[in-house]
Structures are given as C-alpha cells and as structure tokens.
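Colleague: Give me the fold of what follows.
(one chain, ligands or ions: 1)
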Amino acid sequence: MGRRLFINSRYNSFKKTISIDGDKSISIRSLLLGSQAYGKTFIENILLSEDIINSINCLKKLGIKIFLKKKNCYIYGKGLNGFDYKKNIVLNAGNSGTFARLILGLLVKSPYSIKLIGDKSLSRRDFERVISPLQKVGVNFEVNKKKTLPLKMIGSPFINPINYYENRGSAQCKSTVMLAALNSPGQTVIRAKKSRDHTENIFKYLGIPIIIKKNKNNDEIKVRGQKLFKSFKYKVPSDPSSCAFFIVLTLLSKNCELKIKNVNVNKSRIGYIEILNKMGAKISVRNTKIKYGEKLADILVKSQSTLKKINCPPNLNSNLIDEFLILFLVAAKANGVSSFSNLGELNKKESPRLKLGSKLLNQLGIKTKLTKDSIKIFGNPGINLRKTIDIKNYYKDHRIFMTSVIAALTFGGKWKISDIDSYKSSFPSFLKIIKKLGYKFKLV
Ligand code: S3P
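Modeller: Modelled structure (predicted):
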C-alpha cells in the first residue's frame, strides 16, 4: 500500500506568501515543442514531478538530448519529426495521461512500431479518444478491445490533414490532433468544445501558423503544418490546479491569509476561483501580466467563515476539471445543497474521481446523492470530526491524496492516508508547503 501519512487535526493560523511548483500541462507542452524545434531550447521553472521525469525519459529514448539543472531544462531539438526512430522502442508514460496522449500526435511519421505503456492507473484509461482521430491522420494501431494501454502504433510517410470535431471538452484530444497537424501537409481544422488552450498559446508564441476563431461554445482552430520553427526560451508559470489545494486550505481554516505568486491565471484554468467566489470567498487576482503567451498573476485569499451552496454550471466543467475533488470538499462545508452535473469525464481520470469523491465525503458523514454523472452534496458547515478516518487511496491518485490531506487539516479528527507517494506525480512540494504553513504530520 506504500507509506501512509498520519495527521491529527489541530487549530493553526498562518499569514504567508508561498510559491507553487510549475504548471504540469505547460511543462509537458514546452518539452514536446522543444523536442520539435531546431536548436537549444531553454525552459525555466519546469515542474520536476514524476510525470515530467517520465516524459523526459521517453523523449530521450526517441533520441532527444535533454539536460536538467535544478528547475532549468535544456532540450536539443532536431526539428519537426527529428526523432531517432529505432526498432522496438518502448515508451513508459508512467501515470501521465497528458504525455501519453500528446506524444502520439508527434509520432505520426514513425517508420517503426512504437510501444506505449503506463502504470496501473494509466492502463485503465481510454485511448480510443486519440486513436480514432489519429487513424484518420494515417496512423495504424495495435490495441486491445477496450482501447487501453499497452498499445503499439506505427506511423506513415503519408499524413493527412483532417477535419476533427472534439466534443468532450478534452484539451488532451485537441492537443494530440494539433501536434499531429505539425507534420501534416496543408491545413488541419479542429472544432473543439472549450478546454484549456495552452497548446494554442504556445503555437502562437512559436510562430506556428494557427488561426483561432472563438465561438460561444466551441473554438475553431486551423493549423498549417510542415512549418519549421526555431528553438525558444520559456518560463513555466505556477500550476493553478496545485494552488487550488492551498486556496481551499486557507478558505476553510480560521484567521489565515495566503498570497501565491506568479500563478498561471489563464481563464481556461481558473474556473474554480469563479465558483469559490460565487460561494462567498473573496479571492483576488492581482498584478496580472502576460508572459510567454500565458497570463500570470498573484492570488490572495483569506479564511471565510460562511460559504454558501453552488449550482455549478456545466459549461464551466472543462475549466475546472482537475479541481472538482477539492470543490466537493468546500461544498461539504457550505450552507445548503450544492450540485455538480455532466461529470462523466471525472470518472475517467487517474481514478473514478466522481465516485471516490462521494465516498470520501460519506466517510466524513456528509450526505451525497450520486448518479453516473452528477453529485449533490448536502453541506454541514459546523462539521468537526472526532473520529479516526482511514483513507485507502487504492488508485494512488495524487488528487485524492492531496484532497484528503486538506480535509484532514480542516474537518477535525485523526487521519491515516495512503498512498502518500502519489502526490509526486504532479506537485512534489506539496508536503513541504504544508509544513511551511505550520502543520505537523507523520509519515510511516
Ligand atoms: C490536461 C487536460 C485535462 C486535465 C489533465 C491535463 C492537459 O484532461 O484533466 O490533468 O494538459 O491537456 P482532459 O483533456 O482529458 O480533460
């Protein structure tokens, strides 16, 4: 089961400024694009988490030289499709759905079969969503009936630009096709339900020909392929999804204040701040600036003793897809019944998060009403647990672990939480920051 974390909930008050690790989505995209640029790319403040280390190791297996010096990363790209293809390459993406899906988009011209594998959690996730558009591009796959990892793919010298409709609101699907478009002759056209737009932003920053038309519910993206681009300099901003844990910790504590600096506040990522403010929080976003095509700012938050229920609008779902677990926790402490719907995608993450989120709240004595794709949460603002809570994180889901730690620090009670090493896939400084804010815990 791995190591466990023991916490005794105890009153703590803090007033601090912190920095959070680099953004996972942007770190992966900057590595992938650095591998396709000509020359030496320099990325500052890259996230040094397990997902990123696995991504780097896979790119190295494809012949790309990459060096890390603390959070500085140097990538020696050899241009579009400049990989050293060999027979029998096996890429292990570990826990990273983002890397596993996006890299397939860059391998569309591979002359040899490449095997893609991942850990237990990644091996239960759906790959049909990227296999289907990539088959239209010209890629061949060998994969089981469920369309899960391990899979083998072989590219083609004849790549087609396609017309693709992305209707899940998945940035991973959209980005995989955008990366495939880099090697396609002519113009790839994507109509995509709104989702995080970091791939679009970095394409623009690099001068890759891209035209974006923003409609109310979807975006039309046109990418012209086979345009070489030069190596670049980039600085990764802090990950707003990682910040969410500390924003909620502050909000649900008493007499606390927190400032988080240089956070990525791209609109497609901070839907949760909009929701929390609607629930009565007063989170402010200050000193906004644009750097390397992304919006950054400092975030300020204070504890808030009364919070009200939310009826979360489903059109925001893809803007807060990674924050639902932590929002469920806030709903559990709010006045009234909150509801979240159209959440089928949430059960397709590193674990079935909708089901497990509900189970976690039930363990705390919070009533929920769960369906296949929705949840109602009956808030209990006065909750103060006096029992022992044992969280078995069977799927080793990083966000289940971190949400449980925040619950342990704000709901009372004695807690045992497994599997502690999971948080390292996305947020390696998580426990260090918990300590810095004055909390005590034991790892056994
Ligand atoms: C990501 C997109 C989202 C998100 C994941 C990162 C990305 O997944 O959950 O953590 O970097 O593109 P989906 O595209 O499957 O919604």
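
Colleague: so S35 touches I103, yeah?
Modeller: No: under the criterion of CB atoms under 8 Å, S35 lies out of contact with I103, with a separation of 9.3 Å. Any C-beta I mention is one placed from the backbone N, CA and C, and that applies to glycine too.

Colleague: When the two are compared, which one has more neighbours?
Modeller: Between S35 and I103, S35 has the larger neighbour count (other CB atoms under 10 Å), namely 28 against 24.

Colleague: need the residues of the stretch 201-350 of the chain near the ligand, please.
Modeller: Counting by CB under 6 Å from any ligand atom, the residues of the stretch 201-350 of the chain close to the ligand are 321-322, 345.

Colleague: and those as JSON lines, adding pLDDT, distance to M402 and neighbour count?
Modeller: Rendered in JSON lines, the data for these read as follows (pLDDT from 0 to 100; distance: CB to CB, whole Å; neighbours: other CB atoms under 10 Å):
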{"residue": "I321", "pLDDT": "97", "distance to M402": "16", "neighbour count": "22"}
{"residue": "D322", "pLDDT": "98", "distance to M402": "11", "neighbour count": "23"}
{"residue": "E345", "pLDDT": "96", "distance to M402": "20", "neighbour count": "17"}
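
Colleague: which residues in the stretch 51-200 of the chain form helices?
Modeller: 97-106, 128-137, 171-182, 198-206 (DSSP state H, counting those that start in this stretch).

Colleague: Just say which of these is most tucked in.
Modeller: Per-stretch averages of neighbours, counted by mean count of other CB atoms under 10 Å, single out helix 171-182 among those, with a mean of 27.

Colleague: hey, C-alpha coordinates of that one in CSV?
Modeller: Taking C-alpha atoms only, helix 171-182 is exported to CSV below (Å, rounded to 0.1, in the frame of the first residue of the first chain):
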residue,chain,number,x,y,z
ALA,A,171,-7.6,19.6,-24.1
GLN,A,172,-5.6,16.3,-24.5
CYS,A,173,-7.6,15.2,-27.5
LYS,A,174,-7.5,18.6,-29.1
SER,A,175,-3.7,19.0,-28.5
THR,A,176,-2.9,15.5,-29.8
VAL,A,177,-4.5,16.4,-33.2
MET,A,178,-2.8,19.8,-33.1
LEU,A,179,0.6,18.2,-32.6
ALA,A,180,-0.2,15.7,-35.4
ALA,A,181,-1.0,18.7,-37.6
LEU,A,182,2.6,19.9,-37.3
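
Colleague: quick check: angle from it to helix 198-206?
Modeller: Relative orientation of helix 171-182 and helix 198-206, computed by axes from the mean of the first three to the mean of the last three CA atoms, to 10 degrees: 40 degrees.

Colleague: avg pLDDT for stretch 391-404?
Modeller: Mean pLDDT, computed over stretch 391-404, is 96.

Colleague: Actually, stretch 44-59.
Modeller: Mean pLDDT, taken over the full extent of stretch 44-59, equals 98.

Colleague: What lies in contact with it?
Modeller: Contacts made with stretch 44-59 from outside it, assessed by CB atoms under 8 Å, 6 or more residues apart in numbering, are listed as 21-24, 27-28, 30-32, 35, 66, 68, 70-73, 75, 91-96, 98-99, 103, 233-237, 239, 424-428.

Colleague: Kindly report the same for stretch 414-421.
Modeller: Outside stretch 414-421, the residues within contact range by CB under 8 Å, 6+ apart are 1-9, 387-393, 396, 401, 404-405, 407-408, 443.

Colleague: Please list only the buried members of those residues.
Modeller: In terms of neighbour count (16 or more other CB atoms under 10 Å), the buried residues within the contacts of stretch 414-421 are 4-5, 7, 9, 389, 391, 393, 396, 401, 404-405, 407-408.

Colleague: could you dump the residues you listed to a markdown table with distance to the ligand?
Modeller: Written out in a markdown table, the entries for these read as follows (distance: CB to the nearest ligand atom, whole Å):
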| residue | distance to the ligand |
| --- | --- |
| R4 | 25 |
| L5 | 23 |
| I7 | 26 |
| S9 | 29 |
| I389 | 26 |
| I391 | 21 |
| N393 | 17 |
| K396 | 15 |
| F401 | 15 |
| S404 | 18 |
| V405 | 19 |
| A407 | 21 |
| A408 | 23 |
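
Colleague: Would you mind putting those residues into JSON lines with distance to G138 and secondary structure alongside?
Modeller: Conversion of these to JSON lines gives the following (distance: CB to CB, whole Å; DSSP: H, G, I helix; E, B strand; the rest coil):
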{"residue": "R4", "distance to G138": "48", "secondary structure": "coil"}
{"residue": "L5", "distance to G138": "48", "secondary structure": "strand"}
{"residue": "I7", "distance to G138": "52", "secondary structure": "strand"}
{"residue": "S9", "distance to G138": "56", "secondary structure": "coil"}
{"residue": "I389", "distance to G138": "51", "secondary structure": "strand"}
{"residue": "I391", "distance to G138": "46", "secondary structure": "strand"}
{"residue": "N393", "distance to G138": "40", "secondary structure": "coil"}
{"residue": "K396", "distance to G138": "36", "secondary structure": "coil"}
{"residue": "F401", "distance to G138": "40", "secondary structure": "helix"}
{"residue": "S404", "distance to G138": "44", "secondary structure": "helix"}
{"residue": "V405", "distance to G138": "46", "secondary structure": "helix"}
{"residue": "A407", "distance to G138": "48", "secondary structure": "helix"}
{"residue": "A408", "distance to G138": "50", "secondary structure": "helix"}
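
Colleague: and the helix or strand harbouring L361, anywhere near the ligand?
Modeller: Assigned by DSSP states H and E, L361 falls within helix 353-363. No: when contact is scored as CB under 6 Å from any ligand atom, no part of helix 353-363 falls within range of the ligand; the minimum is 9.8 Å.

Colleague: and the helix or strand just after that helix, which residues are buried?
Modeller: Proceeding N to C from helix 353-363, the next assigned helix or strand is strand 367-370, under DSSP H and E. Buried residues in strand 367-370, counted by 16+ other CB under 10 Å: 368, 370.
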